[in-house]
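**Q** Give me the fold of what follows.
(chains A, B, C and D)
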2 protein chains.
Amino acid sequence: MQIGALAKATATKVETVRFYEKAGLLPPPARTDANYRSYGSAHLQRLSFIRRARDLGFSLDAVRDLLELADDRAKPCGAVDAIASGHLTEVERKIADLCAMRDELKRVIGSCQRDTVADCKIIETLGPRVAADAGTPA
Amino acid sequence: MQIGALAKATATKVETVRFYEKAGLLPPPARTDANYRSYGSAHLQRLSFIRRARDLGFSLDAVRDLLELADDRAKPCGAVDAIASGHLTEVERKIADLCAMRDELKRVIGSCQRDTVADCKIIETLGPRVAADAGTPA
DNA sequence: TATGCACCCTGTAGCAACTACAGGGTCAAG
DNA sequence: CTTGACCCTGTAGTTGCTACAGGGTGCATA
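**A** Take a look at the predicted model:
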């Protein structure tokens, strides 16, 4: 299987496959006489794993750790759980941050019904209407 | 006002202030004899504006556009609204994506009560249990 | 006066996680 | 035998900073 076929099978760009190899996530495959990468089903499985983990928002570092754990079937499952739970916490934090942004944006957008920037509540909210005194500017 | 004071007043790092200047968000201030940047209240206002917009998640490009609009008080307010609304849509999309991630993560994490990676549901979910056949691997 | 320290300067390199290109080689079909 | 689709390496770009390295400035204190 050439890199293009592997990429297509996993909905990944060819450049990204090579990037994962360089990043140490995907082991370097055998090469043909023409120096083309030649992949087998083990690579397909591994890249699928990487894609799924990335889709769940795991960082490349986390994916590397998960792959290492997955490779040693005797390792304790708790380590996997710890990575996933830590990531879940992080995702929940991001959601909370974004929800706060969303609420504030909605509040700000809803407050403006004027015509020009001079009266715009949005601009007003962003920059406090301090007297346009320059102090010691330029 | 020196760069350090401006930075402190806006909870910004000194390097970030210089970065905003290079990025064209903050106009270059006057310099002292020693070539130190010298800021006035106009700069303080502008940097505050930038910070607030950034806290709301606007990109630097969007902030640049907002600043341009804010500078011309005759401009129509609708342009501001368009930028903010577009950003709100984007934020809502991100929230939806993250919530989907969170739900899936919770599902996956909750499903595993085993001891080792061999039985771990999390790993199982990430890599489909295809027979560990290598096909034409290395 | 010296010297130490906090502050300032420029310019560049690094982070994540790719993506895109430049400038080539390979291979099968028409 | 040429066209096109594929492959190769290596580097630079993206966003929004952050962190140096390698200097200069300015004030207070011993």
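
**Q** anything in the helix or strand bottoming out on mean pLDDT in chain A near DNA strand D?
**A** Lowest mean confidence among the helices and strands of chain A (mean pLDDT, DSSP states H and E): helix A:121-126, at a mean of 84. No. Shown here: helix A:121-126 not in contact with DNA strand D (CB under 7 Å from any atom of the strand), separated by at least 14.3 Å. C-beta: built from backbone N, CA, C; applies to glycine.

**Q** For that helix, give me every contacting residue.
**A** The contact list for helix A:121-126 (CB atoms under 8 Å, 6 or more residues apart in numbering or on different chains) reads A:108-109, A:111-112, A:114, A:117, B:49, B:52-53, B:56, B:66, B:69-70, B:77, B:80-81, B:84.

**Q** Can you give me the domain assignment for chain A?
**A** A:1-56, A:76-128 (automatic domain parsing).

**Q** what does chain A have sitting close to DNA strand C?
**A** Proximity of chain A to DNA strand C (CB under 7 Å from any atom of the strand) is limited to residues A:13, A:15-16, A:19, A:32-35, A:54, A:59-61.

**Q** Packing partners of the longest helix belonging to chain A?
**A** Longest helix of chain A, by residue count under DSSP state H: helix A:77-110. Counting by 3 or more CB pairs under 8 Å, 6 or more residues apart in numbering or on different chains; DSSP states H and E, the packing neighbours recorded for helix A:77-110 are helix A:60-71, helix A:121-126, helix B:77-110, helix B:121-126.

**Q** Would you mind measuring from the residue nearest the centre of chain A to DNA strand D?
**A** Geometric centre of chain A, nearest residue: A:G57, 5.4 Å, by CA atoms, centre = their mean. Note on A:G57: its distance to DNA strand D, by CB to the nearest atom of the strand, to the nearest Å, is 17 Å.

**Q** What of A:L26?
**A** 12 Å.

**Q** Run a quick neighbour tally on the nearest residue to that residue once chain neighbours are set aside.
**A** Nearest non-adjacent residue to A:L26, counting by CB to CB, 6 or more residues apart in numbering or on different chains: A:Y20, 4.3 Å away. The tally of other residues near A:Y20 (other CB atoms under 10 Å in any protein chain shown) stands at 20.

**Q** picking up where we left off before, quick check: which of the domains of chain A is nearest to B:A7?
**A** domain A:76-128 (18.2 Å; CB to CB).

**Q** returning to that earlier point: can you flag the buried ones in the residues of chain A next to DNA strand C?
**A** With burial judged by 16 or more other CB atoms under 10 Å in any protein chain shown, the buried subset of these is A:16, A:54.

**Q** nearest to chain B, of the residues of chain A next to DNA strand C?
**A** Sorting the residues of chain A next to DNA strand C by how near they are to chain B, with CB to the nearest CB, puts A:R54 at the top with 10.2 Å.

**Q** you'd agree that closest one is up against A:R64?
**A** No. Shown here, A:R54 and A:R64 do not form a contact pair, counting by CB atoms under 8 Å, at 11.7 Å.

**Q** re earlier: mind telling me the two of the residues of chain A next to DNA strand C farthest from one another?
**A** For those, and using CB to CB, no pair is farther apart than A:D33 and A:S59, which are 37.2 Å apart.

**Q** Give the residue spans of chain A that score low on pLDDT.
**A** Per-residue confidence of chain A (counting by pLDDT under 70) places the weak regions at A:114, A:117, A:128-138.

**Q** What residue in it comes nearest to DNA strand D?
**A** Residue nearest to DNA strand D within chain A (CB to the nearest atom of the strand): A:G4, separated by 2.6 Å.

**Q** The helix or strand in which that residue is found near chain B at all?
**A** Assessed by DSSP states H and E, A:G4 sits inside helix A:3-9. No. Contact of helix A:3-9 with chain B is not found when judged by CB under 8 Å from any CB of the partner chain; the minimum separation is 11.7 Å.
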